[in-house]
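>>> Fold the following, please.
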Amino acid sequence: TWNKITAPADISYNDIDYTPEGVFVAVGSTSGIHTSTDGNNWTVSTTGNFGTFKGVVGLSSEVVAVGGGGTIARSTNAGSTFGTTNIYQRTQVGFIPTYTPTNISNSLNAAAVGSYVFPNAITGIGTTVPHERVVVVGSSGVILYTEPGLGGLTTSFVITNQFANKDFNDVAYHDGTFIAVGAGDSLGSAIYRSTDGETWSGVTTTSIFANIKGITYGEDRWIGVGQSSLIISSSDDGLNWTTINYENGGRQLNGVHYQDNVWLAVGGAGMVMNSVDGSTWYKKPITIAGSALGAQLNAVTYGDDKMVAVGIQSSLVWSGYEKVGAAATATVGAGGTISAITVTEGGFGYTPNTNPTVLLAQEVVTRERFNTVNVTGDYGTVVGVAVSSVDTGSIRATLNLKLDSDTFLNEAGFGNISKSGLAVGDYFVI
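Below you'll find the model as predicted:
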């Protein structure tokens, strides 16, 4: 079940994240940054004139939003206000690096935060204290990373060497590894990995050529989504990838998230795909009060016990984790023929307006075996079947018996016995 929320301002959302500080931060067009603590009530942040934002990531005490024209904005008050940052070109001479301020025009499309043990910026001697490191990716293969400075972890961004020339669309981090994904062509899709955010290597993908729009890690694997309902998977830390789903002409998937044993991917025309194992996926459009959402969704995240997705046309929807019991009603005709089935609350795994497979089981018959039978002496035939409520309080089936022994025993030789000697508890063998 999905709920649609009215956005605090007209905006096309591009990304959303739930920060460790317990705040949803959604970013998009016209310098739009909106925040919420519960996914229902949203406020507009103070951003200045940054332009369009494409991606956002939350750190333990900071928020970084990135966008067009080399835009990188940071917040130190849970996304309420945003200020500027600096971009540098780094030159290493011996152990001493030098940094030259620079500007870039690339569109910055996504950001991720990981953990890294930084060397001392002055002596080059390594430390043992890991810090948060933000990695930003964008058009034409640009990648930037943070180095901690006196003004905070995200005040300074350094441009890496050029490792790729394809546009990057998303980046994610898990347990020491960054994965960046992007555009595809006849030579393969852009999939790059790094263990520090500075040095990157491309992954050969001879069977994957589509545009990859989103990437995340969950349970025991990486999952990427993209063009034509593409879903790819890697279970060896991003070294090798397998195509799980691809539909020529299918809806594009733009974002994916994992939480509590559930994968959720969102995309074009309000379509979502769901999986509980990362291998088998089910498709279902989002509906609000019985009507299809219809709007493109670009990103999804989890927080405050709900999945929250954002997209164009100020689309802001959320779904709580709930147990839904599917109900099916069958119409049974003469002779036991099922002519129709109506399914309500089918959930993921059920395609609306289709009839599910019906399994009919034979009635269980209970049989009782008697090894010893004492015969009273009567015999006869069954002459009919009826119903009776005598001594039961409810209608039960009965057998009408004609005892031939009554006439036989009613003779002088037998003492003119005029009726059967049957008593309560006697058995019939039929």
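>>> show me where pLDDT drops low in the stretch 251-400 of the chain?
321-325, 347-352, 370, 372-379, 389-394 (pLDDT under 70).
>>> Which stretches in it count as strands?
Using DSSP state E, counting those that start in this stretch, the strands of the stretch 251-400 of the chain run over 253-259, 262-267, 271-275, 282-285, 287-288, 291-292, 297-303, 306-311, 316-320, 327-332, 338-344, 380-388, 396-403.
>>> The fourth one - contacts with which helices or strands?
With contacts defined as 3 or more C-beta pairs under 8 Å, 6 or more residues apart in numbering; DSSP states H and E, the secondary structure elements packing on strand 282-285 are strand 271-275. Any C-beta I mention is one placed from the backbone N, CA and C, and that applies to glycine too.
>>> Quick one: end-to-end length of stretch 270-284, please.
9 Å (C-alpha to C-alpha, to the nearest Å).
>>> Stretch 232-251 too?
Start-to-end span of stretch 232-251 (C-alpha to C-alpha) is 15 Å.
>>> Which positions within it qualify as buried?
I232, S233, S234, D237, G238, W241, I244, N245, Y246, G250, R251 (16 or more other C-beta atoms under 10 Å).
>>> What residues are bridge-paired with the third one?
In other words, S234. W222 (DSSP bridges).
>>> Quick one: distance of stretch 240-250 to the chain centre.
Offset of stretch 240-250 from its chain centre (C-alpha atoms, centre = their mean, to the nearest Å): 17 Å.
>>> Ok, stretch 329-346 next?
Here stretch 329-346 is found 31 Å from its chain centre; the criterion is C-alpha atoms, centre = their mean.
>>> tell me which residues in that stretch are buried?
So stretch 329-346, judged by 16+ other C-beta under 10 Å, has buried residues V343, G346.
>>> ditto for stretch 286-296
I286, L293, A295, Q296.
>>> I'd like the strands of the stretch 251-400 of the chain written out as CSV, with distance to S194 added.
Output for the strands of the stretch 251-400 of the chain, formatted as CSV (distance: least, C-beta to C-beta, whole Å):
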stretch, distance to S194
strand 253-259, 20
strand 262-267, 24
strand 271-275, 27
strand 282-285, 33
strand 287-288, 40
strand 291-292, 40
strand 297-303, 22
strand 306-311, 28
strand 316-320, 33
strand 327-332, 49
strand 338-344, 47
strand 380-388, 80
strand 396-403, 77
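>>> can you tell which of these is closest to A183?
Of all those, it is strand 253-259 that lies closest to A183, at 13.9 Å by C-beta to C-beta.
>>> partners of the closest one in the sheet?
By DSSP bridges, strand 253-259 pairs with strand 262-267 (antiparallel).
>>> The partner strand to strand 271-275, inter-axis angle?
160 degrees (axes from the mean of the first three to the mean of the last three C-alpha atoms, to 10 degrees).
>>> if we look at strand 262-267, which residues are touching it?
Residues outside strand 262-267 that contact it (C-beta atoms under 8 Å, 6 or more residues apart in numbering): 214, 218, 223, 225, 229, 231, 251-258, 272-276, 278, 281, 296-300, 307, 309, 311, 321.
>>> so which of the strands of the stretch 251-400 of the chain comes closest to H131?
strand 297-303 (23.2 Å).
>>> would you say A111 is within a strand?
Yes. Looking at A111 with DSSP: H, G, I helix; E, B strand; the rest coil, it is inside a strand.
>>> what residues are up against it?
Counted by C-beta under 8 Å, 6+ apart, A111 has contacts G55, V56, V57, V64, A65, V66, V134, V135, V136, V137, V171.
>>> how close does the last one get to S194?
According to C-beta to C-beta, to the nearest Å, V171 stands 9 Å off from S194.
>>> which residues do those two both contact?
V135, F178, A180.
>>> In strands, which of these fall?
V135, F178, A180 (DSSP state E).
>>> Please report the distance of the nearest residue to the second one once chain neighbours are set aside from N254.
If you skip the residues right next to it in sequence, F178 has S194 as its closest partner in space, 4.6 Å away by C-beta to C-beta, 6 or more residues apart in numbering. Distance of S194 to N254, computed by C-beta to C-beta: 23 Å.
>>> do the same with T301
13 Å.
>>> likewise N298?
5 Å.
>>> And R396, by the same measure?
64 Å.
>>> So between the two, which is more surrounded?
N254 (25 against 12; other C-beta atoms under 10 Å).
>>> OK, contacts around the more buried one?
Neighbouring residues of N254 by C-beta under 8 Å, 6+ apart: K213, G214, V225, V266, G267, G268, Q296, L297, N298, A299, G311.
>>> Surely the second one and V171 touch.
No. Look at G214 against V171 with C-beta atoms under 8 Å: they stay out of range, at 10.1 Å.
>>> before we move on, the earlier item: most neighbours among the ones in strands among the shared contacts of V171 and S194, which one is it?
A180 (31 neighbours).
>>> ok now do it, which residues does it touch?
By C-beta under 8 Å, 6+ apart, A180 lies in contact with 135, 137, 143, 168, 170-171, 190-194, 200, 215.
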